[in-house]
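Participant: Starting from these lines, generate the structure:
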Amino acid sequence: MKPLFALTIIFLTLGLQAQTNPYLKDLSALKTILQKTPSYESQIKGKQLALYNDLYDRLVTDTASKVNSYKYFYNLAQLIFPLKDNHLAFYQIPDYENFKDQERIEQFITTKEFQDYPKYVGNLDSLKSALAAKSLDSVEGIYHYGQFYSVGLFKSSNKEYIGVVLESVVSLWQKGQIAIHLYEYAPNLFKAIYGHPLTKTFILQPVEKYQNQALLNSYFYNSYAQSIYAKQLPQVDWVNLPKNAPKFELRQVADDIQYLLARTFQADRSNAQKSTIFLDSIKTALTAANLILDLRNNEGGAKKMARKYVQLIQEYAKKGNVFILINNETLSQAEILTLRLKKFKNTRTLGQTTKGMLSYGSNYGKREKLPSQHFEIYVTDMKGPAKLLKYEDVGINPDIFLNEHANWIEQAITIIRRL
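Facilitator: The predicted structure is shown next:
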């Protein structure tokens, strides 16, 4: 009876700790939230469920999380790692009051929170010299966040990389602070945890891709730059559309080539109205022999809005050739649309692999805070067809890859002339 009694005491102790320990409360709450998502219900079962429960049990007993803010966040994020669901978002909640002006930023820099931010303890000069010698094709190397600061990314263990600030012209980032953590789960694919460039709060990026000497998904909302971490600073970004590009556009780019741009399928009143008016205006205007359909940076949206473009292109493809531009920011419903259009005759895709964010979605944009009130998760509640899951994380490859250092529309025109 003694072993049973001892085991009972252990469980009672863990139960009492869970009631009073913020970390255990957050861990338990996050697991409960995730268990209700369609991705958990469809993916975490059988052997995967046993592995998931083992992971949870290990995280419960990890005492390091109580004193290490990064470890706290990392442990919580590990509950999301096994899920292939890139609509899920998890992040530390920032206090924007600290960053309203330079005076408040300077005050924040004096706080214990800032001083305790994760730091690299090695020699920065030696690290910089070693990374400068790395091949541009290697994940390791020196990355730039615009003109603001540079980060040395190196392999810290078999499947882990750490990014350390080497130079900075902004006071929020100091030499030696750790801005990037990557956890590799497939070649050039990572679970990433970033320090937000402005707020320094931790953010989970469920899928990070190393491609074209850059971390493609390292864009940050509410930052002071629209940069990504890249080894080389491009003079012109040919891969992405400009931020001020129109949402919808049709224009002639050559006598026999028209260009059609669609950046969103959102169904809110404003976008739906603009999209409907635009589509009505071009129903009889697609007259050229070739059409470039630009879906770059298309944020997705509602199926009912995307369906209208399916009907338009299906009718056009009966008589003309369609060339679809896609990139890493082509996501969600735009990816589903791409798969549907690829089935039509006379249709080809050009550009870059898409986001890989199409199996799940969110009807209501629901966010839930964890009990500590320090972390928030954006919850998914929609599930797509099972056949889409193979594209989650990896995305859809184009029929023809385009060069990121040259104008994509001009490249598309050249390809049209060759075919």
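Participant: Any idea which helix or strand in this protein has the lowest mean pLDDT?
Facilitator: One helix or strand of the chain scores below all others by mean pLDDT, DSSP states H and E: helix 2-20, with a mean of 49.
Participant: what's downstream of that helix, the next helix or strand?
Facilitator: helix 22-35 (DSSP states H and E).
Participant: So which residues make contact with the helix or strand just after that next one?
Facilitator: Heading C-terminal from helix 22-35, the first helix or strand you meet, by DSSP H and E, is helix 38-43. Helix 38-43 has contacts (C-beta atoms under 8 Å, 6 or more residues apart in numbering) with 34-35, 82-85, 88, 359-360, 380-383, 386. C-beta coordinates here come from the backbone N, C-alpha and C atoms, glycine included.
Participant: ditto for stretch 165-174
Facilitator: By C-beta under 8 Å, 6+ apart, the list of residues contacting stretch 165-174 reads 105-106, 108-109, 124, 127-128, 142, 147-152, 175-179, 197-198, 200, 224.
Participant: And it, what's buried?
Facilitator: Buried residues in stretch 165-174, counted by 16 or more other C-beta atoms under 10 Å: Val165, Leu166, Ser168, Val170, Leu172, Trp173.
Participant: Spatially, which two of those residues are the most separated?
Facilitator: By the measure C-beta to C-beta, Leu166 and Leu172 form the most distant pair in the buried residues of stretch 165-174, at 15.2 Å.
Participant: where does the stretch 1-150 of the chain have low pLDDT?
Facilitator: 1-19, 67 (pLDDT under 70).
Participant: Can you list the residue ranges for strands in it?
Facilitator: Here the stretch 1-150 of the chain has its strands, by DSSP state E, counting those that start in this stretch, at 89-92, 141-145, 149-157.
Participant: TSV for the ones you listed, including distance to Lys319?
Facilitator: Listed next are those as TSV, based on distance: least, C-beta to C-beta, whole Å:
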stretch	distance to Lys319
strand 89-92	42
strand 141-145	47
strand 149-157	50
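Participant: Quick one: closest of these to Gly395.
Facilitator: Of those, nearest to Gly395 by C-beta to C-beta is strand 89-92, at 17.9 Å.
Participant: Just the CA coordinates for that closest one, please, in PDB.
Facilitator: Extracted in PDB, the C-alpha atoms of strand 89-92 (Å, rounded to 0.1, in the frame of the first residue of the first chain):
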ATOM      1  CA  ALA A  89      -1.300  31.900 -33.900                       C
ATOM      2  CA  PHE A  90       0.300  32.100 -30.500                       C
ATOM      3  CA  TYR A  91       2.100  35.100 -29.000                       C
ATOM      4  CA  GLN A  92       3.000  37.000 -25.900                       C
END
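Participant: Tell me which residues are up against that strand.
Facilitator: Against strand 89-92 from outside (C-beta under 8 Å, 6+ apart): 73, 76-77, 80, 201-204, 374-378.
Participant: rerun at 6 Å
Facilitator: Ile80, Thr201, Phe202, Ile203, Leu204, Phe375, Ile377, Tyr378 (C-beta atoms under 6 Å, 6 or more residues apart in numbering).
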